[in-house]
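Student: Predicted coordinates and the sequence they were generated for:
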Amino acid sequence: MARSSTSSPRSARAPLWRRRMVLALQILAGLVVLAFAALAVTVYVSESQLPSYEELKSSPNGQMIRVHAADGTVIVSLGPSYGDWLSYDKIPVVMREAMVSVEDRRFRSHFGVDPIGLARSIRFAFNNRGNGRRLQGASTITQQVARTIFLSNKYTYGRKAREALLALALERKFSKDQILELYLNKVYFGGGAYGIDAASRRFFGHGAETLSLSEAAIIAGLVKAPSAYSPTADAEAAVGRAGVVIGLMRETGAITAEQAAEANPKDVKLAPEPRQNSVRYFTDWALPQLEVLIDETQRPLEVWTTLDLGMQRAADAAIRANAPPGAQGALVAIDRDGAVRAMVGGTDYVSSIYNRATQAQRQPGSAFKLFVYLAALEAGHKPEDSIVDEPITIDGWSPRNDSRRNSGAVSLRTAFAYSLNTIAAKLGQEVGFSTVADMARRFGITTKVNTHPSMVLGTSDVRLIDMTRAFASVGNKGVAVTPYGITKVTTSGETIYAQSIDTSHVLVAPYVAAQMTDLLQTTVNTGTGRAAQIGRPVAGKTGTTTSSKDGWFLGFSSGLTTGVWMGRDDAKPIAGLHGGTAPARAFAAFMKVAVANRPVEQFDTKVTLPEYQLEPDQESYFGEADNGLFVDENGTPLEPGVAPAPVEGQQVDQDGNPIVRQPRPAERPDQTPPQGTDGTERPADGEKLDQAWLDHVLGRDTPRAPSARPPRERQAPVADPRPTQ
């Protein structure tokens, strides 16, 4: 009895560590029960809040944007592309099996979250701890549906937890077939395609109902990395990935070994890639502006733009036809209200999406003289003012004209028409180089403008669209023109944005703009921009940089302003490239089409020829009068045989008759006068570019009495003083 009484208390007392372990297990079990209860409640609540199946089918995957040209034509569709919704029974079996095999082989057996896959993912994370690699392989098809419809692709542990809860709720509310149907119709396959039907049409050119095994394998392989395995981006990678999918299908028993052997993804014929033309340069520039114009980010948008498709085709053709071999070209056309009607950022969008019309910064050369002369005119100068073309040095900088000669006293009109560098330097020094820089910024130059003396010759980098905007503001009588590409944005029939035009910002007085237009049209009629003539009034300016690295022409006519740039992306010289050659020809080719249906508009100022052109035609000096009569200064006929009085300042012989100079050696038929690089006659070494030289090259050395017939219209010059372009 004593033994029994002493052993009972000893057996009743368990070690302390054992009791603590039991207590911990009990607490843990309680926590697990509570966790499962909380999970069940959360899943139940999530399930009750899930939309119906029909609502899930119609939920958006992203924002669809359709871009319209000015005439309403849809030019680009961006954002998600949807094909037909295919019910589960219409989806090919090979497509269903391919997706399950590669994305979630235990899809039919798990409850939304795959414990085996989760364990494998945790082991992967442990083995790769510290290298920044995240969990892989844990997401089931159901989880991907939850993420696609309800969540974002941002990778966080919180998002993964919500994804798992939603997957459990989806599995409780919908069948496996419904979930797989949702997945195959909504998952993203690259190229803007959502769902297998959109992907099939995008890559193979037909609907998904007729997908072959190889085609299904290619589509199934895209989900892992749509951009990396896209058949249009990397066909070899897509075929390789499809081979992996076929191998997995054989491994899971979805297909037989014979079917796997017969499949050959290399033989799959891809749909031709839609041609990307220069319209994309315009849309790439215009569409990012939506971020500041509207707040709508969900509903599909209809974007109406200013682009004129006819002008765009003409612009594309003009650049392609006139850009020198190996060179790029860009063109911007802006209407008087700022509407961008055409934009070409390069010779080929497919080979280069870099937009040289809006992104490239290049030196404008003499086109920058627009701001020099605007500042001079605003300071009180007139186009008729005389200024001496002579050597000048400013802070050690000595500019020289392209002809390497100086012409003496010339008018501002002549200096601008023939782009004399020394005159631009003098004007810049007079008004102040900072004043010229301020004028450039006033007219919309957004890049940095230096104030070194050489800046008057266009040594600061600019953008083509900014320069075109500046010329458009001059053509708009000094009122600021702001380029825009979007006229309105609608969604569900509601207009959520409409462009308004501000005409209140006056940059210079109207008379200054008129005087500048006077100079610009003289350049086109008789100066360096003659190749830009289109048979109606045109005002414009050429620009050429050192060693012909850049060629520019900018001008306006009939309310449309167009800027053209040509050059190489690596800024290497291009032989023969001048603003007055290829760029001016491209301008003319485009503008002839662009303004063909617009009324001819005369400028406020008359065409005034520079002083080199103020002499009568050479025809007035040669040949017999129609009626054989001479007339005096009042138009009264002279008696036959009576010679006319000599013109003022002309040398006469002892009888009072005009002295006839003998032709110079260079005028004889067997000799050729000195010529410039463009074939026009220029002064020989040692000769001065003055009125006597012009009389000589124009054949005016042997004057005679003027004809009694009505005077002819003055013609373009025969001589070219060869100024800077």
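Tutor: Yes, it's here.

Student: Quick check: buried residues in stretch 343-363?
Tutor: If you call a residue buried by 16 or more other Cβ atoms under 10 Å, then stretch 343-363 has these buried ones: 343-347, 349, 354-358, 360, 362-363. Where you see a C-beta, it was placed from the backbone N, CA and C, and this is true even at glycine.

Student: tell me which element the nearest residue to L374 once chain neighbours are set aside falls in.
Tutor: Leaving out its chain neighbours, the residue that sits closest to L374 by Cβ to Cβ, 6 or more residues apart in numbering is M439, at 5.3 Å. In this structure, M439 sits in helix 433-442 according to DSSP states H and E.

Student: For that helix, what does the pLDDT average out to?
Tutor: Averaging the model's pLDDT scores along helix 433-442 yields 97.

Student: F107 contacts R96, doesn't it?
Tutor: No - assessed by Cβ atoms under 8 Å, F107 is found out of contact with R96, at 9.9 Å.

Student: returning to that earlier point: any idea how far L520 is from the residue nearest to L374?
Tutor: M439 is 15 Å from L520, where distance means Cβ to Cβ, to the nearest Å.

Student: which of those two has more neighbours?
Tutor: With neighbours defined as other Cβ atoms under 10 Å, M439 and L520 compare such that L520 has more, 28 against 23.

Student: Now do the residue nearest to L374 against I392, distance only.
Tutor: Distance, M439 to I392, using Cβ to Cβ: 21 Å.

Student: contacting residues around A440?
Tutor: 368, 371, 449, 460, 470 (Cβ atoms under 8 Å, 6 or more residues apart in numbering).

Student: Distance check, it against S547.
Tutor: Here the distance between A440 and S547 works out to 24 Å (Cβ to Cβ).

Student: Check H505 too.
Tutor: Separation of H505 from S547 (Cβ to Cβ) stands at 38 Å.

Student: One more: H206?
Tutor: For H206, the distance to S547 - Cβ to Cβ - is 55 Å.

Student: do A228 as well
Tutor: Distance, A228 to S547, using Cβ to Cβ: 43 Å.

Student: Just the endpoints, please. Distance across stretch 284-299?
Tutor: One end of stretch 284-299 sits 21 Å from the other (Cα to Cα, to the nearest Å).

Student: quick one on the thing from earlier: what residues are shared contacts of F107 and R96?
Tutor: Each of L180 lies in contact with both F107 and R96 under the rule Cβ under 8 Å, 6+ apart.

Student: buried stuff in stretch 365-383?
Tutor: Those would be 365-378, 381, 383, for stretch 365-383 by 16+ other Cβ under 10 Å.

Student: how long is that stretch end to end?
Tutor: 21 Å.

Student: related to what we said a few turns ago, correct me if wrong: the residue nearest to L374 contacts Y373.
Tutor: No - M439 is not in contact with Y373 according to Cβ under 8 Å; the separation is 9.5 Å.

Student: Now do the same for stretch 522-531: mean pLDDT, whole number.
Tutor: For stretch 522-531, the mean pLDDT works out to 91.

Student: and the end-to-end length of it?
Tutor: With Cα to Cα as the measure, stretch 522-531 spans 13 Å from end to end.

Student: Could you do stretch 385-392 as well?
Tutor: First-to-last distance for stretch 385-392 - Cα to Cα - comes to 19 Å.

Student: buried stuff in it?
Tutor: By neighbour count on 16+ other Cβ under 10 Å, the buried set for stretch 385-392 is 387, 389, 392.

Student: so which of those residues would you say is closest to L168?
Tutor: Minimum distance to L168 across the buried residues of stretch 385-392 is 83.9 Å, recorded for I392 (Cβ to Cβ).

Student: For that closest one, list the residues it contacts.
Tutor: Contact analysis of I392 by Cβ under 8 Å, 6+ apart lists 398-399, 422, 425-426, 429.

Student: Mind checking which of the residues you listed land in helices?
Tutor: Among those, DSSP state H puts 422, 425-426, 429 in helices.

Student: For R147, state which of these is nearest.
Tutor: Using Cβ to Cβ, A425 comes nearest to R147 of the ones in helices among the contacts of I392, at 65.5 Å.

Student: give me the low-pLDDT residue ranges for this structure?
Tutor: Within the chain, the ranges that satisfy pLDDT under 70 run 1-14, 35-36, 38-47, 59-62, 80, 121-138, 152-159, 273-276, 606-725.

Student: all strands in it, in order from the N-terminus.
Tutor: For the chain, the strands defined by DSSP state E cover 65-68, 74-78, 81-82, 193-194, 301-305, 328-335, 340-344, 386-389, 408-411, 486-491, 494-498, 539-544, 550-557, 560-567.

Student: Would you mind giving those as a markdown table with distance to A164 added?
Tutor: Conversion of the strands of the chain to a markdown table gives the following (distance: least, Cβ to Cβ, whole Å):
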| stretch | distance to A164 |
| --- | --- |
| strand 65-68 | 33 |
| strand 74-78 | 33 |
| strand 81-82 | 28 |
| strand 193-194 | 23 |
| strand 301-305 | 34 |
| strand 328-335 | 52 |
| strand 340-344 | 49 |
| strand 386-389 | 81 |
| strand 408-411 | 82 |
| strand 486-491 | 35 |
| strand 494-498 | 38 |
| strand 539-544 | 63 |
| strand 550-557 | 59 |
| strand 560-567 | 56 |
